[in-house]
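> Have a look at this prediction, sequence included:
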Amino acid sequence: MPLRIPYTAPFPPPTIHPPSAHSLAGSIAALASFLSPRPNSSKTLLLTGAGLSVPSGLPDYRGPRGTYTLRRNYRPVFYAEFVARHASRQRYFARSYLGWPAVERVKPNKGYEAVGALGGLGILGGVVTQNVDALHPRAHPDLPTIELHGSLHTMTCLSCGTPFPRADFQTELTRLNPAWAGYMASLPASIPGNPEDAPATTNPDGDAELQPSANPDGDVAPAPGAPAYETFRYPSCPSCLASPPLLEDGSRAEIRVDGDGAWMPGSSGGVLKPGVVMFGEGVDPGVRVAAERAVDEAGRVLVVGSSLATWSAWRLVRRMRDKGGEVGIVCLGGVRGEGEVVGEGIGGVRVVGRAEEVLPEVVEALRRRVDGGEGDGGKGSLRAARQL
Ligand SMILES: [Zn+2]
């Protein structure tokens, strides 16, 4: 089963294709041609990653050079640890508690707006995203989005599967953790991502830094002075508490909570999990199949702001290439396996640029084609696509 584990080796530098895409104007023209509907061809599928959300204020995992240096101190909690260990959940939830306000107030940027405009032009069949910030559905509710790695905005019970809004979970965390609430109140309103060249200290646990810093999954590493992770309390699933579910062995789960309703070790159920695919966890089979179907129904795929470090994203691009569809890439840094899917003798487009700068220009170029400013063979089919 493909697991969500980042590929940490550095990627080769990007090979720009076609050569005319070395300039911004050339990049825009190449992308507009790539996206222009062809007769008897299906629409484009967009595959997006953290790079698209960076201008909204969410940090990327990788720096412009495509290496992991930007996040060198970040060691995420893995799924198996989360399920098995109360202490791992305390660490995860404490950091996610600090990170939630930024996740909640983040807004779609110009890159997301351009995606919505491409949908409005009838060019995109849909979006598959690795992002868990729910910015796609917010920016373009009418263009279908498959959230490959889930969403930070919901929680799900590991025992009974009942969903729980993340915002309500946060309210409960504040109630159960007054010392952490006080610590959070002392933090700056905006917590920066760990900058590539900033001095950083690492404790034996591998994540402490001089300043609090943010990671893309809504995770914030606290600085020295924060309360200890072991003090962090989190609520039990309210459904399990009201009506303990049957376990796999047929016995009834026993949920123990303290006087304030916080989950207690020794319980055999009632743990709430973030609605995201955690590191080391498999992508939901239903979501995986839906994403594969989206690839099969599309004529080509455009990758935006993703280094394809996770297997679940890379295999979709590989699938498109295997069926003979073209691949386009807009990304600042190197991308996993890009030489296999785009370039001289293969086709496709490889552009080095920021999505929020390039995509709005591409939308304008495509609109000009529709309106007859730069007439070509794709004009009629673009008009037709828009009317669909
Ligand atoms: Zn439950």
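Received the coordinates, thanks.
> residues in the stretch 151-300 of the chain within reach of the ion, list them.
Those residues of the stretch 151-300 of the chain that sit near the ion, judged by CB under 5 Å from the ion, are 157, 159, 160, 162, 237, 239, 240. Any C-beta I mention is one placed from the backbone N, CA and C, and that applies to glycine too.
> what about burial for those residues, which qualify?
Buried members of those, scored by 16 or more other CB atoms under 10 Å, are 157, 159, 160, 237, 239, 240.
> Export these to a markdown table and append columns for distance to residue 96 and secondary structure.
Compiled in a markdown table, those are given as follows (distance: CB to CB, whole Å; DSSP: H, G, I helix; E, B strand; the rest coil):
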| residue | distance to residue 96 | secondary structure |
| --- | --- | --- |
| 157 | 16 | strand |
| 159 | 20 | coil |
| 160 | 21 | coil |
| 237 | 17 | coil |
| 239 | 21 | helix |
| 240 | 20 | helix |
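> I'd like those residues laid out as TSV, including distance to residue 346 and pLDDT.
Below are these laid out as TSV (distance: CB to CB, whole Å; pLDDT from 0 to 100):
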residue	distance to residue 346	pLDDT
157	46	96
159	48	94
160	48	94
237	49	96
239	51	96
240	52	96
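> Which of these lies at the shortest distance from residue 307?
In terms of CB to CB, no member of those lies closer to residue 307 than residue 157, at 32.9 Å.
> so what's that closest one bridging to?
Judged by DSSP bridges, the bridge partners of residue 157 are residue 272.
> wait, what's in contact with it?
163, 164, 237, 239, 240, 270, 271, 272, 273 (CB atoms under 8 Å, 6 or more residues apart in numbering).
> From residue 50, how far out is the fourth one?
Just to be clear, that refers to residue 239. Residue 239 sits 33 Å away from residue 50, going by CB to CB, to the nearest Å.
> now do the fifth one
Noted for residue 240: a distance of 33 Å to residue 50, by CB to CB.
> cool, and the first one?
According to CB to CB, residue 163 and residue 50 sit 24 Å apart.
> hmm, which helix or strand of this protein has the shakiest average pLDDT?
When each helix and strand of the chain is scored by mean pLDDT, DSSP states H and E, helix 378-387 comes last, with a mean of 53.
> separation between residue 287 and the ion?
21 Å (CB to the ion, to the nearest Å).
> I'd assumed that residue was in a helix, is it?
Yes: counting by DSSP: H, G, I helix; E, B strand; the rest coil, residue 287 is found in a helix.
> I'd guessed it sits against residue 146; true?
Yes: taking contacts as CB atoms under 8 Å, residue 287 lies within contact range of residue 146: 6.4 Å.
> Now render the contacts of residue 157 as a markdown table, adding distance to residue 336.
Shown next, in a markdown table, are the contacts of residue 157 (distance: CB to CB, whole Å):
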| residue | distance to residue 336 |
| --- | --- |
| 163 | 32 |
| 164 | 34 |
| 237 | 37 |
| 239 | 40 |
| 240 | 40 |
| 270 | 39 |
| 271 | 33 |
| 272 | 33 |
| 273 | 28 |
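> just the helices in the stretch 251-388 of the chain please.
Assigned by DSSP state H, counting those that start in this stretch, the helices in the stretch 251-388 of the chain fall at 285-297, 311-322, 338-341, 355-370, 378-387.
> for the fourth one, packing partners?
Packing contacts for helix 355-370, counted by 3 or more CB pairs under 8 Å, 6 or more residues apart in numbering; DSSP states H and E, involve helix 24-35, helix 110-120, strand 326-330, helix 378-387.
> any chance of the ones you listed in TSV, with distance to the ion and mean neighbour count too?
Shown next, in TSV, are the helices and strands packed on helix 355-370 (distance: least, CB to the ion, whole Å; neighbours: other CB atoms under 10 Å):
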stretch	distance to the ion	mean neighbour count
helix 24-35	44	20
helix 110-120	33	21
strand 326-330	41	25
helix 378-387	45	16
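> can I get those in CSV with distance to residue 138?
Output for the helices and strands packed on helix 355-370, formatted as CSV (distance: least, CB to CB, whole Å):
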stretch, distance to residue 138
helix 24-35, 23
helix 110-120, 8
strand 326-330, 21
helix 378-387, 23
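> Going by mean pLDDT, which of those comes out lowest?
Ranked by mean pLDDT, the helices and strands packed on helix 355-370 end with helix 378-387 at the bottom, a mean of 53.
> Pull the contacting residues for the residue nearest to residue 83 when sequence neighbours are not counted.
Spatial nearest neighbour of residue 83, chain neighbours left out: residue 158 (6.6 Å); criterion: CB to CB, 6 or more residues apart in numbering. Residue 158 makes contact with 83, 269, 271, 272, 273, according to CB under 8 Å, 6+ apart.
> Next one: residue 38 from the ion, what distance?
49 Å.
> distance of that residue from residue 275?
The separation that residue 38 has from residue 275, given CB to CB, amounts to 38 Å.
> Of the two, which one has the most company?
Neighbour count, other CB atoms under 10 Å: between residue 38 and residue 275, residue 275 has more, with 20 against 11.
> so the more buried one sits right up against residue 149, yeah?
No: Residue 275 is beyond contact range of residue 149, at 9.6 Å (criterion: CB under 8 Å).
> what does the longest helix along the chain contact?
Ranked by number of residues, the top helix in the chain under DSSP state H is helix 86-105. Applying CB under 8 Å, 6+ apart, the contact partners of helix 86-105 are 57-58, 77, 81-82, 133, 152, 166-167, 170, 173-174, 177, 180, 183-184, 187, 190-191, 212, 214-215, 217-222, 226-227, 229-230, 232, 234, 263, 265, 271, 274.
> and if you look at stretch 249-263?
Contacts for stretch 249-263 (CB under 8 Å, 6+ apart): 86, 159, 172, 175-176, 233-237, 240-241, 244-247, 264, 266-271.
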